[in-house]
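K.L.:
sequence first, then the predicted structure:
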Amino acid sequence: MADAHAKMTQATPQEFIISVLAGLFAPLLAIVLVVMLILGIQAKHLPDTSSEAAQKAILERIKPVATLAAVDANAPKVEKSGQAVFDAVCTTCHTPGALGAPKYGNKGDWGSRISQGYDTLIKHAIEGIRQMPPRGGDGDLSDTEVARAVAYMADAAGAKFKAPEAAAPAAPAAAAATAAKPDPAKGKAVYEASCAACHATGVAGAPKMGDKAAWGPRVSQGYATLYDHALHGIRGMPAKGGNAALSEADLADAVGFLMTQGGGKL
Ligand code: HEC
Ligand code: HEC
């Protein structure tokens, strides 16, 4: 009896090794199978990029990003109309009336809100109020865009708000404005004091005073650009010719002098 019991519980060394290997192997095999399954699924879902059509499709897909990157960051932002803002942002809640938002075109929903006045509604739309997120959740919207969307919605519910028009175009470049009237006659003295050190001899590649060949292509950039380069420096040309104390008016006169001596016209 004791013998039989011992046989049942005590495995031989071979049996022991086999059971250990089986114990390790089964989960390992399962993991390998699962990994192979996932890789197989992914391989099927990866788009085939070899065909011309597929590559065209990819180019088409990345195009908007590439176009955006080329947009001039300094170009004035074109502000969207009230309807465009509504369609892009506000409609999510204000069409179905989600979260208790006053529904677009519903006079009952909007009546008491409209009576608060346009300015208050704009303020609430910009800052947010209760469940209404600031700027409808789109922080990129300008105040003008939000105000237009408010008018678009409120007017559809009976208000007669006048949405703000496009802002007046930005003033022309400051450099051109400051440097409006250089006086080359006065510029000669400034030149001799602050610019001649380089521009008389052509040190470091400076275009020589009066050398029309050297100044020709520079002059063709226009006075405002030349002044800007003299003010801020460009390559070997230090800002204000290295004389920080020089006034902008004096600098303008000196640029005017160099420019006219170089064959340019102001
Ligand atoms: C996430 C949902 C949501 C979005 C998106 C949203 N709104 Fe609202 N809006 C609400 C809710 C909810 C209210 C009601 C808030 C309250 O009075 O409790 C509301 C109320 C308003 C009011 C009335 C405020 C008042 O004083 O009565 C204005 C105006 C408004 N929204 C403008 C906008 C504009 C403009 C946009 C798009 C730029 C926009 N909303 C986008 C949810 C939203
Ligand atoms: C330390 C030497 C130095 C001094 C001093 C100096 N310049 Fe220049 N300047 C240069 C050099 C070098 C260039 C050529 C830069 C280039 O285009 O690579 C240059 C170019 C310019 C240009 C042409 C810029 C362009 O866009 O082509 C103007 C205008 C100019 N200098 C104005 C002045 C005036 C005005 C002063 C005096 C207030 C002055 N510079 C003093 C070295 C000098």
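P.N.:
Good, I have the coordinates. Ligands and ions are numbered 1, 2, ... in the order given.

K.L.:
the helices in the stretch 151-266 of the chain, which residues?
P.N.:
174-178, 184-190, 196-199, 212-219, 223-232, 248-261 (DSSP state H, counting those that start in this stretch).

K.L.:
packing partners for the second one?
P.N.:
For helix 184-190, the helices and strands in contact under the criterion 3 or more CB pairs under 8 Å, 6 or more residues apart in numbering; DSSP states H and E are helix 248-261. All C-beta spots, glycine's among them, are computed from the backbone N, C-alpha and C.

K.L.:
quick one: average pLDDT of the helix it packs on?
P.N.:
Computed over helix 248-261, the mean pLDDT rounds to 94.

K.L.:
please list the residues of the protein that sit near ligand 1.
P.N.:
Neighbours of ligand 1 within the chain, by CB under 6 Å from any ligand atom: 85, 89-90, 92-94, 98-102, 113, 116, 121, 124-125, 129-133, 135-137, 141, 146, 149-150.

K.L.:
just checking, which of these belong to helices?
P.N.:
85, 92-94, 113, 121, 124-125, 146, 149-150 (DSSP state H).

K.L.:
could you dump these to TSV with neighbour count and pLDDT?
P.N.:
Putting those into TSV (neighbours: other CB atoms under 10 Å; pLDDT from 0 to 100) gives the following:
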residue	neighbour count	pLDDT
Val85	26	96
Thr92	14	94
Cys93	20	95
His94	24	97
Arg113	17	96
Leu121	23	96
His124	17	96
Ala125	23	97
Val146	25	96
Ala149	30	97
Val150	28	97
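
K.L.:
can you give me the neighbour number for Leu231?
P.N.:
Using other CB atoms under 10 Å, Leu231 is surrounded by 19 other residues.

K.L.:
quick check, it in contact with Leu251.
P.N.:
Yes - the pair Leu231 / Leu251 is scored as a contact, 6.2 Å apart, by CB atoms under 8 Å.

K.L.:
shared neighbours of those two, which are they?
P.N.:
Lys240 (CB atoms under 8 Å, 6 or more residues apart in numbering).

K.L.:
what about the stretch 51-200 of the chain, any weak spots by pLDDT?
P.N.:
51-76, 166-180 (pLDDT under 70).

K.L.:
rerun at 90
P.N.:
For the stretch 51-200 of the chain, applying pLDDT under 90 flags the ranges 51-79, 163-181.

K.L.:
pop the domain breakdown of this protein in here.
P.N.:
Annotated domains of the chain cover 82-156, 174-261 [automatic domain parsing].
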